[in-house]
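*Asks:* Here's my sequence, what's the structure:
(one chain, ligands or ions: 3)
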Amino acid sequence: MASKNTSSYRVDAAEHRRAETRDERPSFRQFNLADAEASLSFGAAAGRFTAMNILIAMVRRLDPSLASWLVALSGGRMSSLFARLMRLRRVAGAMLARDLTPPPPVKLQVETTDVCNLRCVHCKRDKLDEMNTLTMPLESFARVVSDVAPLYVNMAGFGEPLIDRTMISKLALLHRRGIRTSFPTNGTYIRRLKREGLAVELPDVLQLSIDGATKESFEAIRKLGDFDKIIDNYRAICALRAEGKTRRGTVIRVLCALQRGNLHDYRAMYRLIGSLRGIDSFGLVPVSFGGANAAQMPAPEEVLALHRELDVAIAEAQEKAEKDFYRQWRDVSAQWLEPKNANGRNPEPSRAPCTVPWFSAYIDAKKRVYPCCYLTGSQHVMGTLGEDGGGFGEIWTGARYRAFRAEMISARPALAGCRTCPRNDARVLSTLEKLRPLLPRAKS
Ligand SMILES: C[S@@+](CC[C@H](N)C(=O)[O-])C[C@H]1O[C@@H](n2cnc3c(N)ncnc32)[C@H](O)[C@@H]1O
Ligand code: SF4
Ligand code: SF4
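*Replies:* Ligands and ions are numbered 1, 2, ... in the order given. A predicted model of the protein is given here:
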């Protein structure tokens, strides 16, 4: 999914309110946390005068991103903070020790349905087997959540989450347990779900996909999508939040997968995002070769022509926010000019460490467990929930997962998918190294 190389802007909520009264465009601010996963809000309980919120407010003054993690960790409750810190300490200890049987993951990504109503040209779902078959039953979902007890669940895969008629019950189940939630949507079913109570169970991060800022480009990319209807739906959910009718403390962000068909939408996108009023951040991600057809990747000369246009747009823009928006468009598209990312060519094999298989897992709608959502080939299936009596724990500590982790440590370039993935957790591990005295000792 689209979280590699994502860059984002933040639209300040107070600025929004001022802009609404002045009928002006809101200003975009650089958003420091790198991706949707990290764009955590300040808690479901935000605004109430509790010990937890006072602590969060104090930490927030020191470091906003640390405060976000504190909220994610505590689920907004002081009582769970200590237990969760201890849990994270064990996971961090296992990551540092490169333990092949780490404690259960703190994050899950779950494809709650593999059914989708659209056929986007850049999406890899048509390359996956047996799609459009299944929505994960609520009972199976509840069982895995109860087995793993994650701190954060992202309900994202290669289907449309809001097609799932049990989505609101799934969200309610997670929220009752103080688990952070997020999912992306193509927006088609927001109105239907709104009637069924989506607003009160809105996830902590709701990601609205907009891969085209005009009817023409949007509908050419998001095949079978209706631009006017979807943008209306987005306006409706943003309006509900502005009226204070949604779950407290939620973040609404837009994600655009940049590609040949929307390369020149920068002005239209800036206007569209501004007109939505209530968007917290805007992320732009270049379509990844693994998912997109080669036809969606712009050639270097197209990118250079775009940059000439963007230079003019940046020079002409009156507001800093607009200049920054176009600069970001330039930076993201510039990644296609790097020889290692050029159309059709794979990057050099990476030997950098990746800690994902120590703290997170991806489960598809057929209950197959994978190390992450970039690895969806049958060779990457670590096990299937419920098969041979296997629960998550057996799969997580089973022979296949252990072998995968061992290979990640010693021979990442030999791992298909991982060899070309940009993930590099060298900094994470060096930070953990400094914390070593606080972490549990490695198993002998
Ligand atoms: C795979 S979709 C699943 C959720 C939902 N159906 C939707 O479209 O939002 C999640 C996000 O991934 C993006 N995406 C799909 N294929 C991609 C690719 N090859 N490269 C980058 N992003 C991609 C989509 O545009 C969408 O914003
Ligand atoms: S709506 Fe989402 S899952 Fe469906 S085809 Fe488009 S990107 Fe893929
Ligand atoms: S290196 Fe492999 S496991 Fe790690 S994020 Fe990339 S594809 Fe996933």
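*Asks:* any idea of the mean pLDDT in stretch 311-321?
*Replies:* Throughout stretch 311-321, pLDDT has a mean value of 96.
*Asks:* Likewise for stretch 101-114?
*Replies:* 96.
*Asks:* where along the stretch 201-350 of the chain do the helices fall?
*Replies:* 215-221, 227-242, 266-276, 300-316, 320-334 (DSSP state H, counting those that start in this stretch).
*Asks:* Put together TSV for those, with mean neighbour count and distance to Leu108 on each row.
*Replies:* C-beta here means a position set from N, CA and C on the backbone, and glycine is covered the same way. TSV is the format used below for the helices of the stretch 201-350 of the chain (neighbours: other C-beta atoms under 10 Å; distance: least, C-beta to C-beta, whole Å):
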stretch	mean neighbour count	distance to Leu108
helix 215-221	18	29
helix 227-242	18	24
helix 266-276	20	30
helix 300-316	14	36
helix 320-334	19	28
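*Asks:* who wins for proximity to ligand 1 among these?
*Replies:* helix 215-221 (8.3 Å; C-beta to the nearest ligand atom).
*Asks:* Kindly export the closest one (C-alpha atoms) in PDB.
*Replies:* This file holds the C-alpha atoms of helix 215-221, laid out as PDB (Å, rounded to 0.1, in the frame of the first residue of the first chain):
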ATOM      1  CA  LYS A 215     -13.200  14.300 -13.400                       C
ATOM      2  CA  GLU A 216     -11.300  13.400 -16.500                       C
ATOM      3  CA  SER A 217      -8.000  12.200 -14.800                       C
ATOM      4  CA  PHE A 218      -9.700  10.700 -11.800                       C
ATOM      5  CA  GLU A 219     -12.100   8.500 -13.900                       C
ATOM      6  CA  ALA A 220      -9.300   7.500 -16.300                       C
ATOM      7  CA  ILE A 221      -7.300   6.200 -13.300                       C
END
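*Asks:* measure the closest residue to ligand 3 within the stretch 51-200 of the chain to Phe359 for me?
*Replies:* Minimum separation of the stretch 51-200 of the chain from ligand 3 (C-beta to the nearest ligand atom) falls at Gln109, amounting to 10.7 Å. According to C-beta to C-beta, to the nearest Å, Gln109 stands 12 Å off from Phe359.
*Asks:* more crowded one of the two?
*Replies:* Neighbours of Gln109 and Phe359, each counted by other C-beta atoms under 10 Å, are more numerous for Gln109; the result is 24 against 21.
*Asks:* can you pull the pLDDT of Pro26?
*Replies:* For Pro26, pLDDT reads 30.
*Asks:* Same question for Gly417.
*Replies:* Here, the pLDDT recorded for Gly417 equals 87.
*Asks:* Could you pull up the residues touching the residue nearest to it when sequence neighbours are not counted?
*Replies:* Of all residues not flanking Gly417 in the chain, Leu375 sits nearest, at 4.6 Å (C-beta to C-beta, 6 or more residues apart in numbering). Residues in contact with Leu375, defined by C-beta atoms under 8 Å, 6 or more residues apart in numbering, are Tyr362, Ala416, Gly417, Cys418.
*Asks:* Repeat that for Tyr266.
*Replies:* Each residue near Tyr266 by C-beta under 8 Å, 6+ apart is listed here: Leu310, Ala313, Phe325, Tyr326, Trp329.
*Asks:* show me the contacts for the last one.
*Replies:* Think Trp329. When contacts are counted by C-beta under 8 Å, 6+ apart, Trp329 touches Leu258, Tyr266, Leu284, Leu310.
*Asks:* Same question for the first one.
*Replies:* Contacts here follow C-beta under 8 Å, 6+ apart; on that basis Leu310 touches Tyr266, Tyr326, Arg327, Trp329, Arg330.
*Asks:* hang on, the earlier thing: A helix includes the residue nearest to Gly417, no?
*Replies:* No - membership of Leu375 in a helix is not supported by DSSP: H, G, I helix; E, B strand; the rest coil, which gives coil.
*Asks:* re earlier: let's have the helices of the stretch 201-350 of the chain in TSV, adding distance to ligand 1.
*Replies:* Formatted as TSV, the helices of the stretch 201-350 of the chain follow (distance: least, C-beta to the nearest ligand atom, whole Å):
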stretch	distance to ligand 1
helix 215-221	8
helix 227-242	10
helix 266-276	14
helix 300-316	16
helix 320-334	11
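*Asks:* Of the ones you listed, which is nearest ligand 3?
*Replies:* helix 320-334 (19.5 Å).
*Asks:* Return the distance of Met78 relative to ligand 1.
*Replies:* 34 Å (C-beta to the nearest ligand atom, to the nearest Å).
*Asks:* Neighbours of Ala294, how many?
*Replies:* 8.
*Asks:* how far away is it from Arg260?
*Replies:* Distance check for Ala294 against Arg260: by C-beta to C-beta, it reads 10 Å.
*Asks:* Could you do Ala305 as well?
*Replies:* Noted for Ala305: a distance of 12 Å to Arg260, by C-beta to C-beta.
*Asks:* Likewise for Arg90?
*Replies:* From Arg90 across to Arg260, the span is 46 Å (C-beta to C-beta).
*Asks:* pLDDT weak spots in the stretch 151-300 of the chain?
*Replies:* Along the stretch 151-300 of the chain, the parts satisfying pLDDT under 70 run over 289-292.
*Asks:* Quick one: the strands in it, in order.
*Replies:* If DSSP state E, counting those that start in this stretch is used as the criterion, the strands of the stretch 151-300 of the chain fall at 152-154, 180-185, 205-209, 222-223, 251-258, 281-286.
*Asks:* Select, out of those, the one closest to Leu438.
*Replies:* strand 152-154 (21.9 Å; C-beta to C-beta).
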